[in-house]
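1. quick one, fold the following:
(chains A and B)
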Amino acid sequence: MNFNKDTNQAYLYIAPAVILVSLICIYPIIRTFIMSFTDNDGLNPANFIGFDNYIKLFLDPNYIIPIKNTIIWTVLATVFPVAIGFLFAYSIQFLPRSNFFQILIYIPATVSAAAAGVLFGFILDKSGLFNQVLALIGFEHLNRDWLFRAPENTYSMIGAYTWQATGINMMIFLVGLQGLPKEPMEAAKIDGAKGFTLIFKIVIPMIMPYFVIASLLALINSFRIFDSVWVMTMGGPGRYSETLAVTMYREGFIIFDLGYAAAVAVLISLVGLVFSYYYLKSVLTKEDVS
Amino acid sequence: MNYKTKEKINLTVGYIGMIIVVMAWIYPVFFLIVNANKTASEYSKGDKTEIIFGTAFIDNAIKAWNKGIGDGVLNSLIYGFCGSSLAVIFAFLAAFGIVRLKMKNGLLWFLLIYSGTVFPFQMYLLPLFEAYVAIGIYNTKFGLILMYVSICIPFATFVLRGFFLTVPWELQELAKIEGASNLQILYKIMMPLAKAPLLLVFLIQFTWIWNDLLFGMVLSRSTSVRPVTSALVGMQNLYAQMDGPTILMATVMASIPTLVIFLLLQRHFIRGLTLGSMGTGKG
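-> Numbers count the residues shown, from 1 in each chain, chains lettered A, B, ... in the order given. Next comes the predicted model:
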């Protein structure tokens, strides 16, 4: 009986959280999904138009660019931060005072994407730091307006993003490397394994679960990249550096084609949910093990 | 002996190599700080690689503060404190109800709350904007706090549920026998035990709110409401009317709180980050 009273009381305890999450998170998700099948423009009554928005997304040549950019982002902004994060973690663990290196390397990751974007706007400017450093070391002929020319701007922004996104991956790998048993490494070293052989044959297979977690996390974040692009180029010039998340914002809040923006949001979510599913699965199994 | 010497040389070479790499890595931060202290003409005419210790620190700081970043910093402090602390309180209550009061279908209720953080934020924007305009809380501090609180609840509930699962049941049963109410158990027994996770979640969510740009852009417009990130981007877009060092100084100001939080937490961050980083766990 006491038990029943508690379970009834429990509804009061979860009520604020459930109500707020339902109103601010779950309701919009459902509404966006419905909106994606309409021609809602924020002014006139919306009509259901079936899959037209989705068809438009794949057929209109204008949207090839954001789709292509998003794929480039997803691949490179996963590979670089994860690979460099691993290299940092692997190298500093051997060094004395690794904690000091760790803090320094992580500092860019504490800065918001907006702040990092503004900073790199200055660095990649035509008369900015990057061009001056290039000139200083004799590569003046490479100087250009890094953020105002496609496709250089997408790659430049991925570089800036990598700078910021690497820290978290290094932290994940440091946790993984610390948990490694020392014996297999010692044994391999005695057998003469060195450098890259040691890394690829021994270390990476042993911390594979951490690679999976880091990569999925990076995939989730890079597929929906918005802040960095918006702050550095706004998707421009024209729409040459636009990603799908920028397209969604532009269609929804500048052009007011809400139905179409909703379809882009749903597309981002469908792909994102696949990554999220595997991510949660690997994180939760990891938790159970440890 | 020979082997040991070789090891030592390797380590020294590696150490020096790493110092060079790390210096290059944080060079942009160095560039930011040095140039935020230059005067406008020192910056625009000068060599960007040149290290001069500028004298314009106070001038630039005052200009940056008055021309937009000040309002943004104060607004984001409000959003960070209110949003994060309310989210932690509601999540603490919810996790307690689900786990410690042995709620029927507790896992389903948890998943309902947690589902708020699984979808990309693009799914929230259009209906929130629409609804906020319709009920008149668009471009208000209340509207932004409401959104930040709600959006931080799922991750906070996730972590705190994990905490409640680890607390021994004997404590609770003993208190029950002595006639304590659930609210007393929550306040007098659980709260002191939960200090560390509560603080951790608070700081992680504070960082997330501080760094958010997207929701601030969509749900606010005026300088008296917009958060620090929107304020910074707004200053950048007015570059023509504002000099480089002032904007760089604003960037420094916008970055200090999250840097301080990281230095305070350091390694404790990781657990939270890896668990929640797909949602509001990541900065």
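2. what strand or helix carries residue A:66?
-> Element membership for residue A:66 (DSSP states H and E) is helix A:64-92.
3. is that helix anywhere near chain B?
-> Yes: for helix A:64-92, a contact with chain B is found by C-beta under 8 Å from any C-beta of the partner chain, at A:91, A:92. Just so you know, the C-beta spots here come from the backbone N, C-alpha and C atoms, and that holds for glycine as well.
4. what residues sit buried inside that helix?
-> Buried residues in helix A:64-92, counted by 16 or more other C-beta atoms under 10 Å in any protein chain shown: A:65-67, A:69-70, A:72-74, A:76-78, A:80-92.
5. mind giving me the packing neighbours of it?
-> helix A:98-110, helix A:152-178, helix A:208-223, helix A:244-253, helix B:2-25 (3 or more C-beta pairs under 8 Å, 6 or more residues apart in numbering or on different chains; DSSP states H and E).
6. quick check: angle from that helix to helix A:208-223?
-> For helix A:64-92 against helix A:208-223, the angle by axes from the mean of the first three to the mean of the last three C-alpha atoms, to 10 degrees is 150 degrees.
7. next one: helix A:64-92 to chain centre, how far?
-> 9 Å (C-alpha atoms, centre = their mean, to the nearest Å).
8. in three-state terms, label residue A:256 for me.
-> What DSSP: H, G, I helix; E, B strand; the rest coil gives for residue A:256 is coil.
9. can you give me the pLDDT of it?
-> Model confidence at residue A:256, given as pLDDT, is 90.
10. can you give me the neighbour number for it?
-> 13 (other C-beta atoms under 10 Å in any protein chain shown).
11. for it, give its distance to residue A:42.
-> 5 Å (C-beta to C-beta, to the nearest Å).
12. related to what we said a few turns ago, what average pLDDT does the helix holding residue A:66 get?
-> When pLDDT is averaged along helix A:64-92, the result is 94.
13. all strands for the stretch 101-250 of chain B, in order.
-> Using DSSP state E, counting those that start in this stretch, the stretch 101-250 of chain B contains no strands.
14. for the residue of chain B found nearest chain A, which non-adjacent residue is closest in space?
-> Nearest residue of chain B to chain A (C-beta to the nearest C-beta) works out as residue B:97 at 3.0 Å. In space, and not counting its chain neighbours, residue B:97 is closest to residue A:13: 3.0 Å by C-beta to C-beta, 6 or more residues apart in numbering or on different chains.
15. ok, whichever residue of the stretch 151-290 of chain A sits closest to chain B - how many residues close by?
-> Closest to chain B within the stretch 151-290 of chain A is residue A:265: 4.0 Å, counting by C-beta to the nearest C-beta. Using other C-beta under 10 Å, the number of residues around residue A:265 comes to 32.
16. my guess is it contacts residue B:120, does it?
-> Yes: the criterion here is C-beta atoms under 8 Å, and residue A:265 meets it with residue B:120 at 7.4 Å.
17. and the residue of the stretch 151-290 of chain A closest to chain B, what element?
-> If you go by DSSP H and E, residue A:265 is part of helix A:258-289.
18. how far off helix A:208-223 does that helix point, in degrees?
-> Using the same axes, to 10 degrees, helix A:258-289 lies at 170 degrees relative to helix A:208-223.
19. and residue A:141, how many neighbours does it have?
-> Using other C-beta under 10 Å, residue A:141 is surrounded by 8 other residues.
20. tell me how far it lies from residue A:135.
-> 9 Å.
21. quick check: which ranges of the stretch 1-150 of chain A have low pLDDT?
-> Judged by pLDDT under 70, the stretch 1-150 of chain A has its weakly predicted residues at A:1-4.
22. which pLDDT value belongs to the residue of the stretch 151-290 of chain A closest to chain B?
-> What the model reports for residue A:265 is a pLDDT of 94.
23. how about residue B:108?
-> Confidence score, pLDDT, at residue B:108: 93.
24. not counting its neighbours along the chain, what's nearest residue B:137?
-> Using C-beta to C-beta, 6+ apart, the closest residue to residue B:137 is residue B:143 (3.6 Å).
25. hmm, residue B:132 and the one you found touching each other?
-> Yes: the pair residue B:143 / residue B:132 is scored as a contact, 5.4 Å apart, by C-beta under 8 Å.
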